[in-house]
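Asks: sequence first, predicted coordinates after that:
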Amino acid sequence: MLKKATISVSALFIAALSGCITHPYYQQTKDVDLVEVSYDAACELQSGLKRIIPENSLIIVSTLLNVDDLKKTSSFGRIISDQIASAFHNSGYRIIGMEIPIDMFVMQEGGVLHISDEAKKLLKKYGASAIVGGVYAPGKRNTYVSLRMIDTDSKNIISSTDLSVPMGPDTKVLLESKDVGSAGSRSESATAAGEGAAEPAKTETPELKDSK
C-alpha cells in the first residue's frame, strides 16, 4: 500500500513539473515580422496626418533612439526607421534617412517644436516637408516604440503612433546599444555638407524618384 502511495505521489509531482515546463509563462517569446510592424506603423502615420503632404514631397526619417539615452541607438532603431523610410518611399514620397540627435529638436508646451539653428540649416538645405522620428524603450517582454511626424513649416506634430514589439531572440540581439555621437554619425555629414563635408546616406536618388 505504501509503495502504491509513493508511486502516486511521484506521478503527481512529475505531472505538476511537466505542467510548469509547458506553462506559457515559461515559453520563449517569439519574434514578430519587423517589416510588417514597420510598414503598419508608417501606414498609421500617413492615415493619421492632420494635413495633406503632397506626393513626391521630401521626408526626413530619423533613426530611432533609446529613450533612456538619447545619444544611443541600436540595430533595432536603425532597421525600424529604414523600413519606415521604405514604406513612405513606396507610397510616393522622396526620402532622406539619417541619424538626428533628439536634442536638436526641443518640444515645447502645446506640442510646438523649437528647432535649433543646426537643424534649421539641415531642413533648409534639403527642403523637407516633414520629419519622422521617435524613441524606443526596451522592457522585459516587449520593446515599446513611439513615433512622431513633424511638419517642418509649423513645427507641430501632424501625426503620431505607438507600438510594441515582443522581446523575441532576434529583437534582443538587435537592441544591443550603439553610440550615435553628439551629432549623429550621419547627421554630422548632413549639417556640415555646406562646408564641404560628405553627403549623408540617403535614399533620394534620380532612380528612386522615377521608381513608382
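Replies: In hand now; what should we look at? Numbers count the residues shown, from 1 in each chain.

Asks: tell me the contacts of residue 147?
Replies: By C-beta atoms under 8 Å, 6 or more residues apart in numbering, the contact set of residue 147 is 41, 45, 64, 84, 132, 133, 134, 160, 161, 162, 163. The way it works is simple: take the backbone N, C-alpha and C, and place the C-beta from them, glycine included.

Asks: cutoff 10 Å now
Replies: The contact partners of residue 147, by C-beta atoms under 10 Å, 6 or more residues apart in numbering, come to 38, 41-42, 44-45, 61, 64, 80-81, 84, 132-136, 159-163.

Asks: likewise residue 36?
Replies: By C-beta under 10 Å, 6+ apart, the contact set of residue 36 is residue 83.

Asks: which strand or helix spans it?
Replies: Assigned by DSSP states H and E, residue 36 belongs to helix 34-47.

Asks: past that helix, which element shows up next along the chain?
Replies: For helix 34-47, the following helix or strand on the C-terminal side (DSSP H and E) is strand 58-62.

Asks: average pLDDT for the helix holding residue 36?
Replies: Averaged across helix 34-47, pLDDT comes to 96.

Asks: so which residues of this structure form helices?
Replies: 2-22, 34-47, 75-90, 117-126, 169-174, 187-191, 206-210 (DSSP state H).

Asks: which of these comes out lowest on mean pLDDT?
Replies: Note on the helices of the chain: lowest mean pLDDT is at helix 206-210, with a mean of 31.

Asks: show me what contacts residue 28?
Replies: 167, 168, 169.
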